[in-house]
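K.L.:
This is the structure alone, sequence omitted:
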């Protein structure tokens with residue numbers, strides 16, 4: 001039931017009908033506010049937000065800058081990236097991103113990309129290669145060692 005229907009049934013029949021708000025699943029206080037707005041100016045529409053037309057997104061260049069700073073070596077702390085991003089945004093006349101926005105941008109980076117950037121090629125291989133095979137020697141005394149990452153153990157592969 002919409003606000004106009006609740007307000008109409010509350011004001012109808014010359015008095016209050018308290019069951020109308022319960023029938024609509026609306027708290028009594030909200031129904032009373034709707035009725036007050038309906039009786040004063042006939043309006044049942046909600047007032048909109050004042051900042052509704054304002055964009056809240058940060059520029060793409062700033063997102064790319066935050067991602068690039070997060071992939072530096074050694075890995076920076078999120079607060080360091082946030083401070084630097086806020087400083088650069090102020091220099092360019094953009095609104096500064098909040099700490100949670102910077103944290104979310106960094107957290108949404110691909111895990112493989114972060115591993116490659118922070119730990120290098122060997123670290124990426126250790127984390128993301130499906131199997132690692134090391135061969136030593138040749139002929140009959142050849143030794144082959146295989147390593148299966150922990151993630152594959154969940155699928156039933158053994159580490160030996």
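P.N.:
Nice, I can see it. Being a predicted model, the structure only gives us computed values, none of them experimental.
K.L.:
for the chain, which spans come out with low pLDDT?
P.N.:
1-22, 42-56, 129-160 (pLDDT under 70).
K.L.:
quick one, helices of it?
P.N.:
Remark: helices assigned in the chain by DSSP state H are 3-11, 19-24, 28-41, 60-70, 78-92, 99-107, 111-128, 150-153.
K.L.:
Buried by neighbour count: which residues of the fourth one qualify?
P.N.:
To tie it back to what came earlier, the one meant is helix 60-70. Applying a neighbour-count criterion of 16 or more other CB atoms under 10 Å, one finds 62, 63, 65, 66, 67, 69, 70 buried in helix 60-70. To be clear about C-beta, it is placed using only N, CA and C from the backbone, and glycine gets the same treatment.
K.L.:
Also the fifth one?
P.N.:
Of the residues in helix 78-92, those scored as buried under the neighbour-count criterion (16+ other CB under 10 Å) are 78, 81, 82, 85, 86, 88, 89.
K.L.:
elements contacting that helix?
P.N.:
helix 60-70, helix 99-107 (3 or more CB pairs under 8 Å, 6 or more residues apart in numbering; DSSP states H and E).
K.L.:
Kindly calculate the angle that the first one makes with helix 111-128.
P.N.:
Put plainly, it is helix 60-70. Going by axes from the mean of the first three to the mean of the last three CA atoms, to 10 degrees, helix 60-70 is angled at 30 degrees with respect to helix 111-128.
K.L.:
How is the protein divided into domains?
P.N.:
Segmentation of the chain into domains, based on automatic domain parsing, reads 3-41, 60-116, 129-160.
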